[in-house]
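In: Pasting a predicted model and its sequence here:
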Amino acid sequence: MRQLQSLVLATFLATAGSVFAAEPLFVVKSVELNQPVDVVWKKVADFGDLGAWHPAVAKTEIVSGKNNNAGAKRVLTLKDGGRINETLTAYNAKAKSYSYKITDGVLPVNEYASTVSVHSNGDGKSVVVWESHFLPKAPADEKAASDAIKGVYDGGLNQLKTLFQ
């Protein structure tokens, strides 16, 4: 009986990490731009060209599906040579937003899902919001994962600010 209890305890401890999964991390960043919503949306709306407004992206390639349609898959090639594979999960031109997930890549995240949206602030200016939730690739790397995503968002949003000021 004691041997069975030890086996049950060992099995429980071995699987506890998968049963008690880490809580998702969240990052939300935004930037206000001195341009109307339609002008800003035109710049960020193209799922097939993140490089048009993100300085770290050397090339964006749609490898499957139709651009700006849910299910489209893109590969981002970063200027440092890294690659990120992403799938568009939702696209709403009327609401000026799209959502996507990372399926593989160099960022230290798993189960990453994100939305980019453009809103009016009511006085002719726009607000771009980039938000996500994800898990760190390694359980102890929550700070590294959050910092990496914050860095990605800051790079893109700061570039938009430069382009529209």
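Out: That came through, no problem. Residues are numbered from 1 along each chain as shown.
In: Check which element follows the helix or strand bottoming out on mean pLDDT in the chain along the chain.
Out: For the chain, counting by mean pLDDT, DSSP states H and E, helix 2-19 ranks last in confidence among helices and strands (a mean of 39). Counting by DSSP states H and E, the element after helix 2-19 in chain order, helix or strand, is strand 25-33.
In: tell me which residues of that following strand are tucked away?
Out: Within strand 25-33, the residues scored as buried using 16 or more other CB atoms under 10 Å are 25, 27, 29, 31, 33. C-beta here means a position set from N, CA and C on the backbone, and glycine is covered the same way.
In: what do you get for stretch 120-135?
Out: For stretch 120-135, by 16+ other CB under 10 Å, it's 125-135.
In: check contacts around Ala90.
Out: 70, 97-99, 115 (CB atoms under 8 Å, 6 or more residues apart in numbering).
In: go on, Lys42?
Out: Residues near Lys42 by CB under 8 Å, 6+ apart: none.
In: separation between it and Ser97?
Out: 14 Å (CB to CB, to the nearest Å).
In: re earlier: export the buried residues of strand 25-33 as CSV, with columns for pLDDT and distance to Arg83.
Out: Converted to CSV, the buried residues of strand 25-33 look like this (pLDDT from 0 to 100; distance: CB to CB, whole Å):
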residue, pLDDT, distance to Arg83
Leu25, 96, 22
Val27, 98, 21
Lys29, 98, 23
Val31, 97, 26
Leu33, 97, 29
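In: Reformat the residues you listed as CSV; add distance to Ser120.
Out: Compiled in CSV, those are given as follows (distance: CB to CB, whole Å):
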residue, distance to Ser120
Leu25, 29
Val27, 23
Lys29, 18
Val31, 14
Leu33, 11
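In: give me the low-pLDDT residue ranges for this structure?
Out: Across the chain, the ranges flagged by pLDDT under 70 are 1-21.
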